[in-house]
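Asker: dropping a prediction and its sequence here:
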Amino acid sequence: MATALNSPDPSLPPRPRVLSGIQPTADSFQVGNYLGAIRRWVELQETHDAYYCVVDQHAITVEYQPPVLHERTLSSFAQLIAAGLDPQRSTVFVQSHVPQHSQLSWVLQCITGFGEAGRMTQFKDKSQREGTDRSTVGLFTYPVLQAADILIYQADGVPVGEDQRQHLELTRDLAQRFNSRFGRTFTVPEPLILADTAKILDLSEPTAKMSKSSPTGCLFLLDPPEVITKKIKTAVTDSGRDIAWDPVEKPGVSNLLSLIAAFTASTPTAVADDLAGGGYGGLKKAAIEAVLEFTVPFSARVHELLADRTYLLQLMAIGAERARAAAQPTLALTYERVGFVTLPN
Ligand code: TRP
């Protein structure tokens, strides 16, 4: 059922468009990806014409294993659906299914300065990590492909974390440069920086942000219940026994309070009041319950989707088709603007 999605009621003005992307670089998204980004994407479906993509082409800019990427792309897509992205209301798709991204990327590469691309801090960090000899040109042009992901849909807003601000600035610069050189072609997108309201820290080191590089301190959405239980049971707490929201003096306890608050639509202080007197054992029990209440049905849904590949691929095909239809007019206009010859059809 492919219905017109932009505005459910044609008498209403069209909804502003958002686009975002996530890399399929882990077997499972972690709690931070969900609370910080994906949950916001789900909310934005209510008010925006939303495009969300699994950026598999970005994932091959560093070393990777093809069969692993393959599974992770399927699983990432299934996780987005299980987290609440509605393939009827939003356009959820895989980047490599929409060739217009790479086609536009080439044109944008030809208006990007070498020095400009070289100043991207993510490139500098990653190329340092990989070593200059092993760093690829794909890693260098990564932000230009990202710009193409956004501009090809004429997105008004891009919901991303603070770490993507520089890439968004480049995207805006390229859009403005192209428009002023070739004529108005692209919407200049606004960054919608997702404030880290529920910043969840590493369970075993509650001063660092929760990250997938710390296996004991990071909760993955697809962790089985016993793994989540164990990670929370062994989470660092603080000296004393009071349950109080005090991120400076009691970072471990406060982190568990934030975690519970984020999963129960509450606030850390309200949770602290509720659990006062229950000791750290009670706090951890509440944290385990709050997380499992989300992850158990979530994991079940992901496994169901992954077990039915035909259906999963059908959902991907619906997203791809819609995305290509939205992308093609921008590509055609771009090609015309830069002077490529259009064949009659
Ligand atoms: N670079 C982004 C990240 O690492 C992922 C991404 C690729 C993206 N293309 C995008 C995000 C387009 C927003 C819009 O998080």
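Answerer: Received, thanks.
Asker: only C-alpha atoms for contact and neighbour calcs from this point on.
Answerer: Will do.
Asker: report the buried residues of stretch 327-343.
Answerer: Neighbour counts over stretch 327-343 (16 or more other CA atoms under 10 Å) mark 327, 328, 330, 331, 334, 335, 337 as buried.
Asker: redo these as TSV? Include pLDDT and distance to residue 254.
Answerer: Converted to TSV, the buried residues of stretch 327-343 look like this (pLDDT from 0 to 100; distance: CA to CA, whole Å):
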residue	pLDDT	distance to residue 254
327	98	45
328	98	49
330	98	48
331	98	49
334	98	51
335	98	54
337	98	55
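Asker: give the closest residue to residue 316 in space, chain neighbours not counted.
Answerer: residue 93 (5.6 Å; CA to CA, 6 or more residues apart in numbering).
Asker: report the beta-bridge partners for the one you found.
Answerer: With DSSP bridges applied, residue 93 shows beta-bridge pairing to residue 53.
Asker: next, count neighbours for it.
Answerer: 26 (other CA atoms under 10 Å).
Asker: what distance do you get for it to the ligand?
Answerer: 12 Å (CA to the nearest ligand atom, to the nearest Å).
Asker: where's the residue nearest to residue 121 when sequence neighbours are not counted, which helix or strand?
Answerer: Nearest residue to residue 121, sequence neighbours excluded (CA to CA, 6+ apart): residue 166, at 7.9 Å. Residue 166 is part of helix 165-182 when elements are defined by DSSP states H and E.
Asker: which residues does that helix contact?
Answerer: 108, 111-112, 120-121, 143-144, 146-148, 150-151, 184-191, 193, 337-338 (CA atoms under 8 Å, 6 or more residues apart in numbering).
Asker: what is the burial count for the closest residue to residue 120 other than its chain neighbours?
Answerer: Among residues not flanking residue 120 along the chain, residue 166 sits closest, at 7.0 Å (CA to CA, 6+ apart). Using other CA under 10 Å, residue 166 is surrounded by 16 other residues.
Asker: strands of this protein, residue ranges please.
Answerer: Applying DSSP state E to the chain gives strands spanning 17-22, 49-54, 91-94, 157-160, 190-193.
Asker: where in the stretch 151-300 of the chain is pLDDT low?
Answerer: Low-confidence segments of the stretch 151-300 of the chain (pLDDT under 70): 196-197.
Asker: residue 323 contacts residue 91, correct?
Answerer: Yes - contact criterion CA atoms under 8 Å: residue 323 and residue 91 qualify, at 6.7 Å.
Asker: for these two, list the residues in contact with both.
Answerer: Jointly contacting residue 323 and residue 91 under the rule CA under 8 Å, 6+ apart are residue 51.
Asker: on that earlier part again, quick check, nearest of the buried residues of stretch 327-343 to residue 77?
Answerer: The closest of the buried residues of stretch 327-343 to residue 77 turns out to be residue 327 (CA to CA; 19.9 Å).
Asker: so that closest one touches residue 99, yeah?
Answerer: No - contact criterion CA under 8 Å: residue 327 and residue 99 do not qualify, at 9.2 Å.
Asker: rewinding a little: ok, so of the buried residues of stretch 327-343, who is nearest the ligand?
Answerer: Nearest to the ligand among the buried residues of stretch 327-343, counting by CA to the nearest ligand atom, is residue 327 at 13.9 Å.
Asker: if I look at the closest residue to residue 62 other than its chain neighbours, how far off is residue 160?
Answerer: Leaving out its chain neighbours, the residue that sits closest to residue 62 by CA to CA, 6+ apart is residue 139, at 6.9 Å. For residue 139, the distance to residue 160 (CA to CA, to the nearest Å) stands at 19 Å.
Asker: the two: which is more packed in?
Answerer: Set residue 139 next to residue 160 and count neighbours by other CA under 10 Å: residue 160 wins out with 23 against 20.
Asker: residues of the protein that sit close to the ligand?
Answerer: Residues of the chain lying close to the ligand by CA under 6 Å from any ligand atom are 19, 20, 21, 22, 23, 55, 146, 149, 150, 158, 160.
Asker: domain ranges for this protein?
Answerer: 17-197+308-338, 225-303 (automatic domain parsing).
Asker: helices of the stretch 1-150 of the chain, start to end?
Answerer: 31-33, 39-44, 56-59, 66-82, 100-109, 114-118, 121-130, 137-151 (DSSP state H, counting those that start in this stretch).
Asker: nearest to residue 258, of these?
Answerer: helix 31-33 (11.7 Å).
Asker: next up, the contacts around the residue of the stretch 51-200 of the chain found nearest the ligand.
Answerer: Going by CA to the nearest ligand atom, the ligand is nearest to residue 146 of the stretch 51-200 of the chain, at 4.1 Å. Residue 146 sits next to 167, 171 when contact means CA under 8 Å, 6+ apart.
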